[in-house]
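Engineer: Kindly return the folded structure for what I paste below:
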Amino acid sequence: MDRRSFITKSVAGATGVYAGMTPFAEKALARNMAVTVLNPKNRVPVSFIIDDSTALVNMAYFGIPQFAEVFPDQYLQAWKKLPREIPDSFVREFGEWCRDHGVKGKYSMVPYPACTGWLHRFIPGWSKQELKDSLSLVRDFMSVDWDIHPEMISHTRVINLKTGLPFPDPTPEYMENWEWSQDKSADELTSYLAYALNILKEAGFNCEGVTTPGGFGHRNMDNLASATLEACREIYDTEIPHFFRDVRTGKDESVEPELFHVSGLDTGDPKCSVHVIGCTGDWFGGWDGLEPGNADLFINPDLDGGRLVEVIEKGDPAILVCHWPGIYYNGTQLGFNVFKTVVGRLHQKYDHLVWMKLSEIARYWACKKLTTMKLIGKTLDIQAPFSTPDFTIRINKPVRRAVFENDGKQVVMEKINQGASLSTGKFFIEEKASILCFDLPKGASRILIS
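Structural biologist: As a prediction, the model looks like this:
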């Protein structure tokens, strides 16, 4: 009964899933092996997922007794010794440090945290001004570098959408972390996600995705993906909705983002939802702030081992996962210090990382999988259902000159030396191939090469 099931098998067999299959774009490229899509700027994406965060409330303090009511033999923590609040002063300190070091990721805002109160109304135990200030801090400061997600509604009890009250039975069937979500239809899950998103919208947040609490939907992935797509489009008109559900820590497991429910690629309304996957366990301070972390599990002091090294060397997005109570670690900031060590080691070893929000990774992977390209002679024709910055490709021939053309306008790309920092509008020759980086527009464009 882990709070988040670490799924070890691909869900590629589910309806509409592009992961583990040969998607539309890759079929086109398979016929024309002259072009390959690389990572943005030819770098490895890195991101940091923060779960169990919200305004003021320490989710561990208020959540453990609710979990213990369902599983009294498993949740034995001395929760009353934990702080009831994670202060805004720590949120700002953390956010400022991350900004100084270029860190980006996802930050949850649980709408009805452990049933204590509503972010868009009030939370008993804190003044309205304290709640207002806390929301402003996340909305105006944190959201610059972090996607904001609801983590369902309460992260503990399932809420009756007709009454706004928790269902009365404290059983796995009525807890968000466990059984309730496993047999619900896509429509039912859409209504539940939309309820959570509406609360954050009223609180002033923009959300392009959602996070699942614990095992929410892990046996119902296809409907969860559909619900994410429909709820985000309904409430926010999100172009490319994404969700975080799984963590995969096995050495041979792929953590490449997965695309679900792709449709309308040849229309003006293309659709898909993207499953962004974490690659580490919470090795910072545990979900409750009671398990000391270990930076060596991410990357060791010699910089030659650890889960992040495995993933980065493959070129897959390296997405770290934590829980906010463990980062705060009861005021000692032990988890935060572990994170500082990990970031320091990453930046010491690698100079080809790019920190990205989950929404940015989701957008890039949607373009990577769904954009079609055809190289005929000296013209590369491109058709993209979505746009993305820093789209990067390899053409298997030396390119001396490249001109990007879109909407009747031409821009000559700048040739740089191999090893120089690649950015949009630039290219370089690599042995018998060429690497080009450009902002990919939606629709048709082309590159003239010589």
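
Engineer: And the helices in this protein?
Structural biologist: 24-31, 59-70, 88-100, 128-140, 186-202, 221-236, 307-314, 324-328, 334-349, 358-370 (DSSP state H).

Engineer: Show me the strands in the stretch 351-450 of the chain, by range?
Structural biologist: For the stretch 351-450 of the chain, the strands defined by DSSP state E, counting those that start in this stretch occupy 353-355, 372-376, 379-384, 388-395, 402-406, 409-412, 414-415, 426-430, 433-440, 443-449.

Engineer: Could you list the low-pLDDT ranges of this protein?
Structural biologist: Scanning the chain for pLDDT under 70 picks out 1-33.

Engineer: from the helices of the chain, which stretch is densest packed?
Structural biologist: helix 324-328 (a mean of 27; mean count of other Cβ atoms under 10 Å). Backbone N, C-alpha and C define where each C-beta goes, glycine included.

Engineer: list the helices and strands that helix packs on?
Structural biologist: Packing partners of helix 324-328 (3 or more Cβ pairs under 8 Å, 6 or more residues apart in numbering; DSSP states H and E): strand 44-51, helix 59-70, helix 334-349.

Engineer: follow-up on the earlier one: quick one: the strands of the stretch 351-450 of the chain as TSV, columns for distance to Gly326 and mean neighbour count too.
Structural biologist: Listed next are the strands of the stretch 351-450 of the chain as TSV, based on distance: least, Cβ to Cβ, whole Å; neighbours: other Cβ atoms under 10 Å:
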stretch	distance to Gly326	mean neighbour count
strand 353-355	21	18
strand 372-376	43	17
strand 379-384	40	19
strand 388-395	32	21
strand 402-406	46	18
strand 409-412	47	10
strand 414-415	45	14
strand 426-430	41	18
strand 433-440	37	21
strand 443-449	44	18
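
Engineer: can I get those strands in a markdown table with distance to Asp187?
Structural biologist: Shown next, in a markdown table, are the strands of the stretch 351-450 of the chain (distance: least, Cβ to Cβ, whole Å):
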| stretch | distance to Asp187 |
| --- | --- |
| strand 353-355 | 36 |
| strand 372-376 | 32 |
| strand 379-384 | 31 |
| strand 388-395 | 31 |
| strand 402-406 | 39 |
| strand 409-412 | 44 |
| strand 414-415 | 50 |
| strand 426-430 | 47 |
| strand 433-440 | 34 |
| strand 443-449 | 32 |
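
Engineer: excluding its backbone neighbours, what's nearest Pro166?
Structural biologist: Counting by Cβ to Cβ, 6 or more residues apart in numbering, the nearest residue to Pro166 once its immediate chain neighbours are dropped is Arg157, at 3.7 Å.

Engineer: Next: Cys322.
Structural biologist: Nearest non-adjacent residue to Cys322 (Cβ to Cβ, 6+ apart): Phe284, at 4.7 Å.

Engineer: Please report how far that neighbour lies from Phe67.
Structural biologist: Separation of Phe284 from Phe67 (Cβ to Cβ, to the nearest Å) stands at 20 Å.

Engineer: Same question for Gln182.
Structural biologist: Using Cβ to Cβ, we find Gln182 at a distance of 18 Å from Phe67.

Engineer: Pro69 against Pro170, yeah?
Structural biologist: For residue 69 the amino acid is Glu, not Pro. Yes. If you go by Cβ atoms under 8 Å, Glu69 and Pro170 touch, sitting 4.5 Å apart.

Engineer: ok, the residue nearest to Pro166 - how many residues close by?
Structural biologist: 25 (other Cβ atoms under 10 Å).
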